[in-house]
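[1] model this:
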Amino acid sequence: MTFGAPRKGTHEVVLIHRRLLLASTTHTYLAMQTHRTLFAPIWLGAIELAHRVVMAPLTRLRSMQPGDIPGSLMAEYYGQRASDGGLIVTESAEITPDASAYEGAPGIYTDVQVGGWRGVVDAVHARGGRIVLQLWHSGRVSHMKLSAGVVPVGASAIPSDEVQVFTANGILPATPNRALSADELPGIVDLYHRAAERAKIAGFDGAEILAAGGYLLDQFLQNGTNRRTDRYGGTVENRARLLIEVTSAVAEVWGADRVGVRISPSGTFNGISDSEPESIFDHVAGALGQFGLAYLHVIEPRVRGRFDS
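    Presented below is the predicted three-dimensional model:
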């Protein structure tokens with residue numbers, strides 16, 4: 001493109017035009033590079049993907065009741081969203097009937113649920129997709145109406161008016177929780193181990209550990225909800241201990257290269273907080289890095305406080 005000698009008052013227009021042309025060219029180049037990267041193959045550990053568009057976990061609450069069983073509606077939903085060589089991370093799956101925050105959430109603690117999830121997995125695999133199951137213990141974010149009368153548990157017994165749950169009767173404040181004893185924590189780890197085994201039986205391509213959102217593992221990580229004085233509280237090493245033990249247990253089933261972990265370093269949902277989030281999550285990232293995980297899933301705090309805030 002050439003320009004004649006500019007008339008008086010037109011040199012600014014020529015300069016702006018050239019800048020716009022350069023900006024347009026740069027934008028086109030970056031867009032092409034982004035497109036090439038976005039649709040380029042990648043390995044997440046042992047999980048081979050044809051592109052990098054990943055469907056993040058989305059709470060749907062469509063399991064069949066009673067029993068928190070994944071059914072045909074869930075199989076249709078996930079099958080519709082599968083793509084050839086693409087990855088889906090499922091919604092949270094309860095690892096125990098004693099800990100649920102939402103009516104209608106699916107579980108992964110019975111053989112019937114495993115059968116239901118197999119239908120979901122088959123629907124995704126039929127379209128060439130990959131799918132990993134998100135393992136979830138809600139901790140203090142629960143209600144006795146959701147757990148057959150069992151009192152919710154957490155890192156410490158700390159009440160919060162920001163903790164709410166969804167029941168058959170609508171949104172309710174969570175039932176005040178009790179603190180887990182140190183002797184109970186191996187049982188928690190075992191729940192994750194057994195859930196990981198069931199996920200493998202169902203045919204998933206891997207598992208994601210939910211350590212975000214103010215749920216149980218996050219409650220142990222952050223000192224706003226962890227006031228313990230034993231080996232699971234106080235220092236960043238102690239507060240991360242349960243997550244590391246759970247990760248080790250799930251990796252034992254799957255191999256670390258088929259396991260992901262989700263964290264939310266700046267989240268405040270479900271009344272979660274920490275006085276020095278950089279310290280705890282820097283340690284967590286380093287400790288998890290020793291496993292050789294498939295991925296670390298870090299989310300931004302787009303949801304804060306309570307459902308109604």
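
[2] worst-scoring helix or strand of this structure, pLDDT-wise?
    helix 11-38 (a mean of 56; mean pLDDT, DSSP states H and E).

[3] could you point out which element follows it?
    strand 42-44 (DSSP states H and E).

[4] pLDDT wise, what is A168 at?
    With respect to pLDDT, A168 scores 93.

[5] I meant R60, not that one.
    95.

[6] and if you look at the one 10 residues further on?
    pLDDT for P70: 98.

[7] Tell me how many other residues surround it.
    By other Cβ atoms under 10 Å, 29 other residues sit near P70. (C-beta placed from N, C-alpha, C; glycine too.)

[8] I'd say it and W117 touch.
    Yes: here P70 lies in contact with W117, judged by Cβ atoms under 8 Å, at a distance of 5.1 Å.

[9] A168: neighbouring residues, count only.
    10.

[10] do the one 3 residues further on as well
    As a burial measure, the neighbour count of I171 was computed by other Cβ under 10 Å and equals 12.

[11] Given the host helix or strand of it, what are its sheet partners and their directions?
    Using DSSP H and E, I171 sits in strand 170-173. Here strand 170-173 has these sheet partners by DSSP bridges: strand 164-167 (antiparallel).

[12] Other residues contacting the strand it pairs with?
    61, 101-104, 141-143, 145-146, 171-174, 306-308 (Cβ atoms under 8 Å, 6 or more residues apart in numbering).

[13] just stretch 107-121 next, same as before
    63-64, 67-72, 74-75, 78-79, 90, 93-97, 100, 106, 131, 133, 135, 191, 194-195, 198-199, 201-204.

[14] so what's in contact with P70 and W117 at the same time?
    P106.

[15] and the gap between L146 and D68?
    10 Å (Cβ to Cβ, to the nearest Å).

[16] just W254 next, same as before
    From W254 to D68 the distance is 22 Å (Cβ to Cβ).

[17] Filter the contacts of stretch 107-121 down to just the buried residues.
    In these, burial by neighbour count holds for 63-64, 68-71, 74-75, 78-79, 90, 93-96, 100, 106, 131, 133, 135, 191, 194-195, 198-199, 202-204, counting by 16 or more other Cβ atoms under 10 Å.

[18] ok, for G234, nearest residue in space, not its chain neighbours?
    Residue nearest to G234 in three dimensions, not counting chain neighbours: R228, with 7.0 Å by Cβ to Cβ, 6 or more residues apart in numbering.

[19] Who are the contact partners of that neighbour?
    Going by Cβ under 8 Å, 6+ apart, R228 touches 155-156, 179, 234, 238.

[20] element containing it?
    Judged by DSSP H and E, R228 forms part of no helix or strand.

[21] Would you check how far apart it and D274 are?
    Using Cβ to Cβ, R228 is found at 14 Å from D274.

[22] what's around the nearest residue to V153 once chain neighbours are set aside, how many residues?
    Among residues not flanking V153 along the chain, L180 sits closest, at 4.9 Å (Cβ to Cβ, 6+ apart). Using other Cβ under 10 Å, L180 has 23 other residues around it.

[23] Am I right that L180 is in contact with A155?
    Yes: applying Cβ under 8 Å, one finds L180 in contact with A155, separated by 7.0 Å.

[24] ok so, going back, mind checking which of the contacts of stretch 107-121 are in strands?
    Among the contacts of stretch 107-121, the ones falling in strands (DSSP state E) are 90, 93-94, 131, 133, 135.

[25] what's the most distant pair in these?
    Farthest pair in the ones in strands among the contacts of stretch 107-121 (Cβ to Cβ) is E94 and I131. Separation: 17.6 Å.

[26] Which neighbouring residues are in contact with N169, exactly?
    Contacts were defined as Cβ under 8 Å, 6+ apart; by that measure N169 touches K145.

[27] and if you look at V54?
    Taking Cβ under 8 Å, 6+ apart, we find V54 in contact with 86-89.

[28] Kindly state the beta-bridge partners for it.
    V54 has the following beta-bridge partners by DSSP bridges: L87.

[29] how near is it to G129?
    Between V54 and G129 the computed distance is 11 Å (Cβ to Cβ).

[30] what sits in contact with each of these two?
    Listed as contacting both V54 and G129 by Cβ under 8 Å, 6+ apart are 86-88.

[31] Between the residues you listed, identify the one with the most neighbours.
    Sorting the shared contacts of V54 and G129 by how many neighbours each has (other Cβ under 10 Å) puts L87 first, at 28 neighbours.

[32] residues contacting that residue?
    Residues near L87 by Cβ under 8 Å, 6+ apart: 44, 47, 49, 54-55, 129-132, 205.
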